[in-house]
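Q: output the structure for:
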Amino acid sequence: MKRTDIVTRGVARPRLLIAGKAYAPHIGGIETVMQQTAEYMREYAKTKVLCCRDDFGMTERIKIGRVPVTYAGSLGTLASCPVSFSFIEEFRRKVMLADTVELHLPFPVADLALLLSGYKGRVVVAWHSDIVRQKTMLKLYQPLMKWLLKRADVILTATQAHIDSSSYLQPFREKCVIVPYGIDPAAYELRPHLTPLASQLYDKSAKKVLFTGRLVYYKGADVLLEAFANLQTNAELFFAGTGVLEDELKMRAEVLGIAERVHFLGRRLTPELRDMFAECDLFVLPSVANSEAFGIVQLEAMVNGKPVINTALPTGVPLVSIDGETGLTVPPKDAAALTDAMEKLLSDDALRAQYGKAARERVLQAYSLEAVMEKTRKVLLNED
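A: Reported below is the predicted structural model:
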């Protein structure tokens, strides 16, 4: 008997709308959390997802993993935010049939859509990070954001640091519930088991350093390049992802004289990314701004038994992989410290193995997807 049958026998199923900026097949931390939540919650509630298209175009409606998803039409993006009047209209229609709406933020269009909808039901805000760089937009958006936080019944955050580092959340501490992000270890065995990194190596004996994510300012890819250029250990660096800084980073690698040892792999699908996490020797998350609030990619490396180098941001990033236990933590924007940390780990096979083993154990104990989703379900369905 399916869980759905057990849950819904003789009981009207609650209705849940999950709304955010993007969704699968778009790859990103927030999109991963949204998809995990939607696929889990469909067993307990009538679940629908609303997001925006990645590109210019009309509204599309499809099913992803048996979850109905509406990709609202978009006119493009402004300050990294989709310009979508269709989202507002779609939201108004769908939310009136929902008992609970979960908004994944930051996404100002969702705040506006809720305000204009007149919805009176339960609102759960999944707060992934503050808006850091778009100062002009923030001045305009701030009153709406504060309204939403006051309107929300619950605010979900992944760590205590999300609350402590955000001046916006601190007045609403009593509404905040900490539910970490989760990962399913079994899913990482469902991969092609190929060697996409080794096949690209210039020197087959080189250690493999991996970065995955968008090539944008807050990820610190430029700092990683500078640090890697001073590395003495034989290693090669892999960037899996695309972004506005890609061409600039490629030119910088040329100037630094390391282009043949730096591989830009572009956007890759999840199965291949999982092979990369399993194959690398070291994973680096060199983020430089609070826009990086957690770093789910750390969990993906850790579940594969890989040590992580992250940065000492005041967010949840250094709380995921622990300095001196599962990897090393360095100051943000400090290329010299990053070089030293990479040197230490790449030159010591035993230390990498020690940290990697501890990293996997930490994921299994603290970030089990099933346990995380149980907590999420209780919040979304308002269970005690």
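
Q: over to the closest residue to residue 342 other than its chain neighbours: give its phi and psi.
A: Excluding the flanking residues, the one nearest residue 342 by CB to CB, 6 or more residues apart in numbering is residue 231, at 5.8 Å. The C-beta positions use only the backbone N, C-alpha and C, and glycine is treated the same way. Main-chain torsions, residue 231, degrees, to the nearest 10: phi -70, psi 140.

Q: okay, residue 68: pLDDT?
A: With respect to pLDDT, residue 68 scores 97.

Q: ok, now how distant is it from residue 60?
A: 12 Å (CB to CB, to the nearest Å).

Q: and those two? Which one has more around it.
A: Per other CB atoms under 10 Å, whichever of residue 68 and residue 60 has more neighbours is residue 68, with 16 against 11.

Q: so which residues of the stretch 101-250 of the chain form helices?
A: Remark: helices assigned in the stretch 101-250 of the chain by DSSP state H, counting those that start in this stretch are 108-117, 135-151, 160-164, 221-229, 246-256.

Q: ranking these by mean pLDDT, which is last?
A: With a mean of 85, helix 135-151 has the lowest mean pLDDT of these.

Q: report the angle between that helix and helix 108-117.
A: Computed by axes from the mean of the first three to the mean of the last three CA atoms, to 10 degrees, the angle separating helix 135-151 from helix 108-117 equals 50 degrees.

Q: what does stretch 52-72 rub up against?
A: For stretch 52-72, the external contacting residues (CB atoms under 8 Å, 6 or more residues apart in numbering) are 21-26, 35, 38-39, 42, 47-51, 73-76, 82, 84, 86-87, 90, 94, 109.

Q: for that stretch, measure first residue to last.
A: Stretch 52-72 has an end-to-end distance of 5 Å (criterion: CA to CA, to the nearest Å).

Q: in that stretch, what counts as buried?
A: Of all the residues in stretch 52-72, those buried under the rule 16 or more other CB atoms under 10 Å are 52, 53, 59, 67, 68, 69, 70, 71, 72.

Q: swap in stretch 276-289?
A: Buried, per 16+ other CB under 10 Å, within stretch 276-289: 276-289.

Q: still on that earlier bit, closest to residue 370 out of the buried residues of stretch 52-72?
A: Nearest to residue 370 out of those is residue 67 (CB to CB; 18.2 Å).

Q: quick revisit: would you mind measuring from the residue nearest to residue 342 to residue 309?
A: 12 Å.

Q: which one of the helices of the stretch 101-250 of the chain is the most hemmed in?
A: Comparing the helices of the stretch 101-250 of the chain on average neighbours per residue, with mean count of other CB atoms under 10 Å, the densest one is helix 221-229 at a mean of 22.

Q: that one versus helix 246-256: what angle between them?
A: Put simply, helix 221-229 runs at 20 degrees to helix 246-256, going by the same axes, to 10 degrees.

Q: export helix 221-229 as PDB, just CAs?
A: Listed next in PDB are the C-alpha coordinates belonging to helix 221-229 (Å, rounded to 0.1, in the frame of the first residue of the first chain):
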ATOM      1  CA  ALA A 221      36.000  31.600  -8.500                       C
ATOM      2  CA  ASP A 222      38.400  34.400  -9.200                       C
ATOM      3  CA  VAL A 223      40.000  33.900  -5.800                       C
ATOM      4  CA  LEU A 224      40.200  30.200  -6.500                       C
ATOM      5  CA  LEU A 225      42.100  30.900  -9.700                       C
ATOM      6  CA  GLU A 226      44.600  33.200  -8.000                       C
ATOM      7  CA  ALA A 227      45.200  30.600  -5.300                       C
ATOM      8  CA  PHE A 228      45.500  27.700  -7.700                       C
ATOM      9  CA  ALA A 229      48.100  29.600  -9.700                       C
END
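
Q: got the contact list for that helix?
A: With contacts defined as CB under 8 Å, 6+ apart, helix 221-229 is touched by 209, 211, 215, 235, 237, 239, 245, 248-249, 252-253, 256-258, 261-262, 284, 286, 288, 332-336, 338-339, 342.

Q: show me which of those are buried.
A: Buried by 16+ other CB under 10 Å: 209, 211, 215, 235, 237, 239, 245, 249, 252-253, 258, 261-262, 284, 286, 288, 332-335, 338-339, 342, out of those.
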